[in-house]
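Trainee: Predicted model and sequence below, questions to follow.
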Amino acid sequence: VSNPDYEGMAAFTPVINGVAGNLAAIQASRMSTYLHYWSVPGALPPKMSAGCPGPCATFCSSDVNSKSARVLVSLVVPGHLLFLYTVQLLQGGHAAMTSAFIICYLSAALLQVAILIYTAGLMVHWLWRRGLDPDNYSIPYLTALGDLLGTGFLALSFRLVMMF
């Protein structure tokens with residue numbers, strides 16, 4: 001990282017990107033398995049809306065995929081707290097772990113995972129309606145988007161902590 005103010009960012013980048021990519025891949029795979037069980041490629045199951053699912057349908061409905069989305073989002077904070085503790089131990093104090101940084105980091109991680117899980121739902125439905133297997137096509141795009149969002153949100157977190 002060329003900016004010395006972002007010195008500790010390299011330690012957090014694989015963590016924030018890896019966790020989000022894995023959680024999004026889990027959701028996409030679960031949704032794809034659901035579709036394979038209940039339908040054939042190109043046609044959505046009868047109980048599934050053909051329209052574009054909104055964020056409430058993704059996170060707040062009683063649907064099995066919505067329940068798994070809520071579980072995956074609930075894993076973000078405890079998982080990242082464990083990783084933050086591990087990074088702090090391994091770095092030996094090279095990255096300042098202030099409460100402001102922890103709040104910004106956890107907010108960035110939650111936002112990143114929520115966006116990715118919502119995008120996973122959109123992408124899986126879109127691919128399925130076109131007769132493509134979402135397991136093969138969605139996960140690379142989701143992890144790439146996760147890397148982009150994670151790195152951007154992490155840089156924003158470092159920037160916000162420096163401002164205050």
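Mentor: Thanks, I have the structure now. Because the structure is predicted, anything quoted here is derived from the model rather than measured.
Trainee: quick one: Leu72 and Tyr118 touch, right?
Mentor: No: the pair Leu72 / Tyr118 is not scored as a contact, 11.5 Å apart, by CB atoms under 8 Å. Backbone N, C-alpha and C define where each C-beta goes, glycine included.
Trainee: Return the helix or strand in this structure with minimum mean pLDDT.
Mentor: Least confident element among the helices and strands of the chain, by mean pLDDT, DSSP states H and E: helix 55-59 (a mean of 88).
Trainee: ok, the residue nearest the centre of the chain to Gly146 distance?
Mentor: Central residue of the chain (CA atoms, centre = their mean): Val113, 2.5 Å from the mean position. Separation of Val113 from Gly146 (CB to CB, to the nearest Å): 8 Å.
Trainee: residues shared between the contacts of those two?
Mentor: Counting by CB atoms under 8 Å, 6 or more residues apart in numbering, the residues touching both Val113 and Gly146 are Ala20, Ala24.
Trainee: Okay, helices next: where are they in this structure?
Mentor: Listed in chain order, the helices of the chain (DSSP state H) span 9-38, 55-59, 64-74, 76-91, 99-129, 134-163.
Trainee: Quickly, which of these bottoms out on average pLDDT?
Mentor: Note on these: helix 55-59 shows the lowest mean pLDDT, a mean of 88.
Trainee: Now do it: which elements does it pack against?
Mentor: Helix 55-59 sits against helix 64-74, helix 99-129, with contacts defined as 3 or more CB pairs under 8 Å, 6 or more residues apart in numbering; DSSP states H and E.
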